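Visitor: Quick one, what's the 3D model for this:
(2 chains)
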Number of protein chains: 2
Amino acid sequence: MATTVSSVAEICAAARRASRQLATIDTRTKDAALNAIAAALIERSEEILQANARDMEVGREAGLTDALLDRLLLDSSRIASIAQAARDVAALPDPVGEVVDGRRLPNGLQMRKVRVPLGVVAVVYEARPNVTIDAAALCLKSGNAIVLRGSSSAFHSNAVLAAIAAQAAEQAGLPEGCVSLVAGGGREELGELATQTDTVDLIVPRGGEGLKEALSAVATVPVIYAASGNCHVYVDVAADVEMARQITLNSKVQRPGVCNAAETLLLHEAIAPRALPLIAQDLIDAGVTLRVDERGRALAGALLGSLEVATEQDWETEYLSLTIAVKVVDDLDEAVEHIARYGSGHSEAIVTGDLAAAQSFQLLVDAACVYVNASTRFTDGGELGMGAEIGNSTQKLHARGPIGLRELCATKYLIEGDGHIRG
Amino acid sequence: MATTVSSVAEICAAARRASRQLATIDTRTKDAALNAIAAALIERSEEILQANARDMEVGREAGLTDALLDRLLLDSSRIASIAQAARDVAALPDPVGEVVDGRRLPNGLQMRKVRVPLGVVAVVYEARPNVTIDAAALCLKSGNAIVLRGSSSAFHSNAVLAAIAAQAAEQAGLPEGCVSLVAGGGREELGELATQTDTVDLIVPRGGEGLKEALSAVATVPVIYAASGNCHVYVDVAADVEMARQITLNSKVQRPGVCNAAETLLLHEAIAPRALPLIAQDLIDAGVTLRVDERGRALAGALLGSLEVATEQDWETEYLSLTIAVKVVDDLDEAVEHIARYGSGHSEAIVTGDLAAAQSFQLLVDAACVYVNASTRFTDGGELGMGAEIGNSTQKLHARGPIGLRELCATKYLIEGDGHIRG
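Guide: Numbers count the residues shown, from 1 in each chain, chains lettered A, B, ... in the order given. Prediction:
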């Protein structure tokens, strides 16, 4: 594969050339290419499994944890899921060419603002090999060439997956260089990739804080950082307590290791005496450790012995595990202040039956997703009707919230006249 | 004024506090504040003129060029224009709260994506004092607090203008700290401002390449760089020659010092023998120097002696003056290739009567604004119906083209349920 012998700069330059053609290719051809990738993954499963077995063996020898090995592992059912994900992206609407604004100007000029591909998107990711195909499918569908840089622990798996995707895409009519994988998984390649300002339009990191820090130290190419989520559920005085129990439990335990899980529960002081013992019992039953402030502990009754003491640090912590911080607040204003101070702008929920409280919360809380009477766990491109996502942004510029196909696009203005000149 | 004694960090922190209130303020109050600023500028003209006289005196002593002194100068007619610009922004639609997307999801959740202010916008600018008010009006209207950092040569003028704006805005009900000016105009303050990641959401530089370079070397806060424009007019084989003459002349000479002026003329080889002598004569009559490639010079006839020789460097140059590069190309593809290689992605125009050529040019040219049969000079927020602009972006992320009120906003998702939890 050319993808394993070229330099990072060469790979990116080839991707840039491919991107110019890709931007002009119609939806039908792109969809056919994604379906061809899916078919090729199934057809060539044996190659994938063999490459993955090599990575697993190296990983075991290197002493990777069971959790990491599980993330690395591919089997035929996982390959089938990866192929299905590519088909699902093919079925989504094409963002390229969407007219997002337009009008006839007073001087008669016709103006349209249309979505166009960004160009070349680099995706930097850690162990999970499925990202190779997920990211490639999203980038190709949005008309972008993709440069992948996976981790060295998954190198053999990623190399085969990327090669299959590139070959199937090219056979289906997409340009050479539209999918490529950077050979090394080291910091040097990361630094090289992150400074290809002439050829790379965007880098999306998919990984932990270490990856983000390494990238932000060197990147001159624009980066959209996937989010950390210090998310809150606020139970208002006018909440339905049963609803508050279910939303809190779901926000915390349905999948605690992800960025849209709740990390802190805030309770209005007037509802806390009723709600706190019930919610705490639900959480304890689900195996959650509660770190509770003084006012909360005073209301815990028989549960007091099961509660830990919350400190300042708990308000700042994204546990990503079965732990939750709990605080009793005077009112909605204090809840909003707490969220403004400690939240990461990801997903914030209020449980209330009071319209004014709901409206205030929506207006005052500045986050990518603000929920009324729903779990924070819905912050997800699929759940919000955007289809698949390549990550979730808590930054304010360009993309905030799920990064789907539209967020992988730029816009351009098309302006048509009849000899118009400016006076 | 507090604005002249606080540290950069303190000013930005105060702006952050103001921004939280500003985000909740209704359109009527914001518009009244902008109109109050306009009225105060007129009422307090004498103070402004006195401060400006001090800057002019210091500038003359420091040996500023006449051009720079003219940019610095305020008189009552210029103050009236500045006040009118603030009223014009007040009359524009409020972007905050605009619903840009929304649907009822299959599970019954109601989702809306709405525009919200970015928060705190810092504007870094050079001599022209009118930017103080223009930028403040755009930021306040879009619900953002603004931190201004002007040049030291305009310090007294900027300080009075910012103080008048801040006082008038606060008296009209906007929060304290919504408009402030950083005291020093030095590189140190720039570096401090550009690294306030906790309190500043965006920096917009308004100035030359030197300012951009100084900023990009130190900024950790997101920056939208205003554009340099290496813009092209391509005269297709199917162009109306009279139209091509007018559009080329207008694109080059109507205001040659700005980023949307044309810098290179490309002519299809089949129309060049007819079109080139006529267009060249128009340009020469308007005082333009032409730097022409070999094929073009061979067609120049009697004008040959008036033409200069184009070199590779001319294709790359943004003259910003009465000079234009001219090249004869084989066909539309070569024109598109030339633009891809040398263009800066700002404004590109084709003159043609052929539909297929127009469509190809629009599809293949990747730029903020792509024109068919119209002058490149229309790339301007006012001309495109967006109202005033704070600059013009050639970057692809967040804002491409004029940066108006909408581009000074982020979005958030508001999601409402009835106890929805994720299964």
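Visitor: Could you pull up phi and psi at residue A:318?
Guide: phi -100, psi 100 (degrees, to the nearest 10).
Visitor: quick one: it from residue A:349, how far?
Guide: 16 Å (C-beta to C-beta, to the nearest Å). C-beta here means a position set from N, CA and C on the backbone, and glycine is covered the same way.
Visitor: Compare neighbour counts for these two and give me the winner.
Guide: residue A:349 (32 against 17; other C-beta atoms under 10 Å in any protein chain shown).
Visitor: wait, what's in contact with that one?
Guide: A:231-234, A:247, A:251, A:262, A:370-376 (C-beta atoms under 8 Å, 6 or more residues apart in numbering or on different chains).
Visitor: got it, and residue A:234?
Guide: Going by C-beta under 8 Å, 6+ apart, residue A:234 touches A:266, A:267, A:268, A:329, A:332, A:335, A:339, A:348, A:349, A:350, A:351, A:361.
Visitor: Among these, which ones are in strands?
Guide: Members of the contacts of residue A:234 lying in strands (criterion: DSSP state E): A:266, A:267, A:268, A:329, A:348, A:349, A:350, A:351.
Visitor: So which residues make contact with the lowest-mean-pLDDT helix or strand in chain A?
Guide: Lowest on mean pLDDT, DSSP states H and E among the helices and strands of chain A sits helix A:209-218, with a mean of 85. By C-beta under 8 Å, 6+ apart, the list of residues contacting helix A:209-218 from outside reads A:124, A:126, A:187, A:190-191, A:194-195, A:203, A:205, A:223, A:225-226, A:228.
Visitor: any idea how far the closest residue to chain B within the stretch 151-300 of chain A lies from residue A:346?
Guide: Residue nearest to chain B within the stretch 151-300 of chain A (C-beta to the nearest C-beta): residue A:250, separated by 3.6 Å. For residue A:250, the distance to residue A:346 equals 16 Å [C-beta to C-beta].
Visitor: Which of the two has more residues huddled nearby?
Guide: Using other C-beta under 10 Å, the more surrounded residue of residue A:250 and residue A:346 is residue A:346, with 26 against 23.
Visitor: And the strands in the stretch 51-200 of chain A?
Guide: Assigned by DSSP state E, counting those that start in this stretch, the strands in the stretch 51-200 of chain A fall at A:99-104, A:110-117, A:120-125, A:145-149, A:179-181.
Visitor: could you dump those strands to a markdown table with mean pLDDT?
Guide: A markdown table is the format used below for the strands of the stretch 51-200 of chain A (pLDDT from 0 to 100):
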| stretch | mean pLDDT |
| --- | --- |
| strand A:99-104 | 95 |
| strand A:110-117 | 98 |
| strand A:120-125 | 95 |
| strand A:145-149 | 97 |
| strand A:179-181 | 97 |
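Visitor: Quick one: closest of these to residue B:312.
Guide: Of all those, the one in closest proximity to residue B:312, counting by C-beta to C-beta, is strand A:120-125 (25.4 Å).
Visitor: what's the distance between that closest one and the middle of its chain?
Guide: Averaging C-alpha positions (C-alpha atoms, centre = their mean, to the nearest Å) puts strand A:120-125 13 Å from its chain's average.
Visitor: same deal with stretch A:31-50?
Guide: From the chain centre to the centre of stretch A:31-50 is a distance of 24 Å (C-alpha atoms, centre = their mean).
Visitor: ok so, going back, which of the contacts of helix A:209-218 has the largest number of neighbours?
Guide: residue A:124 (28 neighbours).
Visitor: Spit out the contact partners of that one.
Guide: Contact analysis of residue A:124 by C-beta under 8 Å, 6+ apart lists A:149, A:190, A:193, A:203, A:204, A:205, A:206, A:207, A:211, A:215.
Visitor: on that earlier part again, which of the ones in strands among the contacts of residue A:234 sits closest to residue B:422?
Guide: Distances from residue B:422 to the ones in strands among the contacts of residue A:234, taken by C-beta to C-beta, are shortest for residue A:349, at 11.9 Å.
Visitor: returning to what we had before: just list the residues touching the residue nearest to the residue of the stretch 151-300 of chain A closest to chain B when sequence neighbours are not counted, thanks.
Guide: Nearest residue to residue A:250 in three dimensions, chain neighbours excluded: residue B:421, at 3.6 Å (C-beta to C-beta, 6 or more residues apart in numbering or on different chains). Taking C-beta under 8 Å, 6+ apart, we find residue B:421 in contact with A:246, A:247, A:249, A:250, A:254, A:374, A:375, A:377.
Visitor: farthest-separated two in those residues?
Guide: It's A:249 and A:374 that sit farthest apart of the contacts of residue B:421, by C-beta to C-beta, at 13.3 Å.
Visitor: So between the two, which is more surrounded?
Guide: Taking neighbours as other C-beta under 10 Å, residue A:249 and residue A:374 compare with residue A:374 leading, 29 against 20.
Visitor: Check what pLDDT the nearest residue to the more buried one once chain neighbours are set aside gets.
Guide: Closest residue in space to residue A:374, ignoring its immediate chain neighbours: residue B:417 at 3.2 Å, by C-beta to C-beta, 6+ apart. Listed pLDDT for residue B:417 reads 98.
Visitor: Just to check, residue A:220 is in contact with residue A:192?
Guide: No: contact between residue A:220 and residue A:192 fails when scored by C-beta atoms under 8 Å: they sit 11.3 Å apart.
Visitor: More neighbours: which of those two?
Guide: Taking other C-beta under 10 Å, residue A:220 and residue A:192 do not tie; residue A:192 has more neighbours (19 against 12).
Visitor: How about the contacts made by that one?
Guide: Contacts of residue A:192 (C-beta under 8 Å, 6+ apart): A:7, A:8, A:9.
Visitor: Where does pLDDT dip in the stretch 101-250 of chain A?
Guide: Applying pLDDT under 70 to the stretch 101-250 of chain A flags the ranges A:185, A:227.
Visitor: Residue numbers of the stretch 251-400 of chain A in contact with chain B?
Guide: Residues of the stretch 251-400 of chain A lying close to chain B by C-beta under 8 Å from any C-beta of the partner chain are A:254, A:340, A:358, A:362-364, A:366-375, A:377-379, A:383-385, A:395-398, A:400.
Visitor: how about 7 Å then?
Guide: A:254, A:340, A:362-364, A:366-375, A:377-378, A:384-385, A:396-398, A:400 (C-beta under 7 Å from any C-beta of the partner chain).
Visitor: Pull the contacting residues for the residue nearest to residue A:374.
Guide: Residues near residue B:417 by C-beta atoms under 7 Å, 6 or more residues apart in numbering or on different chains: A:372, A:373, A:374, B:109.
Visitor: Shouldn't it be within a helix?
Guide: No: according to DSSP: H, G, I helix; E, B strand; the rest coil, residue B:417 belongs to no helix; its state is strand.
Visitor: Buried ones among the contacts of residue A:234?
Guide: Among the contacts of residue A:234, the ones that count as buried by 16 or more other C-beta atoms under 10 Å in any protein chain shown are A:266, A:267, A:268, A:329, A:332, A:335, A:339, A:348, A:349, A:350, A:351, A:361.
Visitor: Tabulate these (a markdown table), appending pLDDT and distance to residue B:164.
Guide: What follows is the buried ones among the contacts of residue A:234, written out as a markdown table (pLDDT from 0 to 100; distance: C-beta to C-beta, whole Å):
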| residue | pLDDT | distance to residue B:164 |
| --- | --- | --- |
| A:266 | 98 | 42 |
| A:267 | 98 | 46 |
| A:268 | 98 | 43 |
| A:329 | 98 | 40 |
| A:332 | 98 | 36 |
| A:335 | 98 | 38 |
| A:339 | 98 | 36 |
| A:348 | 98 | 38 |
| A:349 | 98 | 43 |
| A:350 | 98 | 40 |
| A:351 | 98 | 46 |
| A:361 | 98 | 36 |
